[in-house]
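# with the input below, show me the fold.
(chains A, B, C and D)
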Protein chains: 2
Amino acid sequence: MSARRARVLELAVLGLLYESPLHGYGLRKRLNSELGFFRAFSYGSLYPCLKRMLRRGHISQHPEETGFGRTRIVYRLTEAGHQHLHGMLDEVTPAACDDESFGVYFALFGHARSDLRLRILHGRRDRLLTRLKELRSRLAHTADDYLRELRRHGAESVEREIHWLDGLIAREQRLAALSPSQPGPLG
Amino acid sequence: MSARRARVLELAVLGLLYESPLHGYGLRKRLNSELGFFRAFSYGSLYPCLKRMLRRGHISQHPEETGFGRTRIVYRLTEAGHQHLHGMLDEVTPAACDDESFGVYFALFGHARSDLRLRILHGRRDRLLTRLKELRSRLAHTADDYLRELRRHGAESVEREIHWLDGLIAREQRLAALSPSQPGPLG
DNA sequence: GTTAGCATGTAAGGAGTTACATGATTTT
DNA sequence: AAAATCATGTAACTCCTTACATGCTAAC
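Predicted structure coming up:
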């Protein structure tokens, strides 16, 4: 139950710091260029987020000299942070597989065990299936021609994403069958 | 410049009240079942929004008896509200054509003049084109296989929506050619 | 020398949510 | 008699943004 509503930003920071320690400015760059979404995070949300995570003991600070007098503050995942990330990934449910969170999860795939990847793919699939049913039932009750067309196209997009996921899931299962225990530590 | 950042909720309420007067509870129902998005608005956002709109003089209140002692408050668009709605539609730019706003605009199509519909369709198309370019340039710089696949699929979806819009635009232009001045008042 | 990038933050505000508070009516 | 639906709101909170504040370095 408890499980603080997964903030996308925090999850993303945990994911990035899992890969390697980084300072605020660098985190923001990677956040906005490499992570799976279109959205741009600002410093006004990033730095306070880092402070919260520090307070909770999920990350630690390490001042670092950059050659001259310039100092930057490198953040590193603590053991508690690692456990928190694992905890969040353990709790991946369809409800937590909105577009943005899914993008972040996907960005972690390279470090994830096959069973985690499958759990995420299935979670996303379930969520899309629910949305598709809803869209179809709305479509059935929509008289306006324009709205019908909008929803028809929406449903088609969702169907396509489900089909795409089916392909990924099948591939993942083939891989898992070939080599049952992968080395990836996240899962 | 000015143009208060178009809040989706306010635009949606203007659109619904443009069709017909309605009370808060009824607005919320239509908001969450008929409008183009998946999101559900709560009373905690709707009622304060109605108050703001009242203060600005865009809507007016009309208590109404429902048969017994029960009274409900029906809201009606004022002349200033009509003008505000027209003003917002005049300013439709690609930047204002995010997924949600586009859904609301689309819901107004039945009341819109052909040129307004075309403006909205083109605005959305421009926005998607920008997103597509961005996605492709990211794709070109993405090494990770999983992220490549995510972006490839994302780009494909955007391409499809652009293609869908092209069809709607072509149809709209044929219609406009057949009957140059439609009766719809919004535009 | 000025623009762009590096680097870290704070304050105020926006736009929504959930939970609370209340009460009547209709359906099961 | 319980549950769903009708009906109107408020308070506290969340998570983010923009604008502000500061200052250094690299490139053009």
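
# where does chain A get nearest to DNA strand D, which residue?
The nearest approach of chain A to DNA strand D comes at residue A:44, 2.1 Å away (C-beta to the nearest atom of the strand). Bear in mind the C-beta positions are built from the backbone N, C-alpha and C, glycine included.

# so that residue, which of the three states?
Per DSSP: H, G, I helix; E, B strand; the rest coil, the secondary structure class of residue A:44 is helix.

# now the residue lying farthest from the centre of chain A: which helix or strand?
Residue farthest from the centre of chain A, counting by C-alpha atoms, centre = their mean, is residue A:143 at 37.1 Å. According to DSSP states H and E, residue A:143 maps onto no helix or strand at all.

# could you do residue A:147 as well?
Here residue A:147 sits within helix A:145-178, counting by DSSP H and E.

# show me what that helix is packed up against.
Where contact means 3 or more C-beta pairs under 8 Å, 6 or more residues apart in numbering or on different chains; DSSP states H and E, helix A:145-178 is packed against helix A:114-140, helix B:99-107, helix B:145-178.

# deepest of those helices, which one?
Sort the helices and strands packed on helix A:145-178 by mean neighbour count, taking mean count of other C-beta atoms under 10 Å in any protein chain shown, and helix B:99-107 sits at the top with a mean of 21.

# returning to that earlier point: ok, the residue farthest from the centre of chain A to residue A:158 distance?
Distance, residue A:143 to residue A:158, by C-beta to C-beta, to the nearest Å: 22 Å.

# and for residue A:129?
Taken as C-beta to C-beta, the span from residue A:129 to residue A:158 is 9 Å.

# in chain A, where is pLDDT below threshold?
Low-confidence segments of chain A (pLDDT under 70): A:1-6, A:68, A:180-184.

# contact residues of it facing DNA strand D?
Within chain A, the positions near DNA strand D by C-beta under 7 Å from any atom of the strand are A:4-5, A:7-10, A:39-45, A:48-49, A:68-70.

# whichever of the residues you listed end up buried, select them in PyMOL.
Remark: buried members of the residues of chain A next to DNA strand D, expressed as a PyMOL selection using 16 or more other C-beta atoms under 10 Å in any protein chain shown:
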select buried, chain A and resi 8+9+10+41+49
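
# helices - which of the residues of chain A next to DNA strand D land there?
Members of the residues of chain A next to DNA strand D lying in helices (criterion: DSSP state H): A:8-10, A:43-45, A:48-49.

# and the furthest pair within these?
Largest separation among these by C-beta to C-beta: A:8 and A:43, giving 16.3 Å.

# for the strand or helix carrying residue A:17, which positions count as buried?
Following DSSP H and E, one finds residue A:17 within helix A:8-19. Neighbour-count burial for helix A:8-19 flags A:8-18 (criterion: 16+ other C-beta under 10 Å).

# ok, now how distant is residue A:51 from residue A:62?
Residue A:51 sits 15 Å away from residue A:62, going by C-beta to C-beta.
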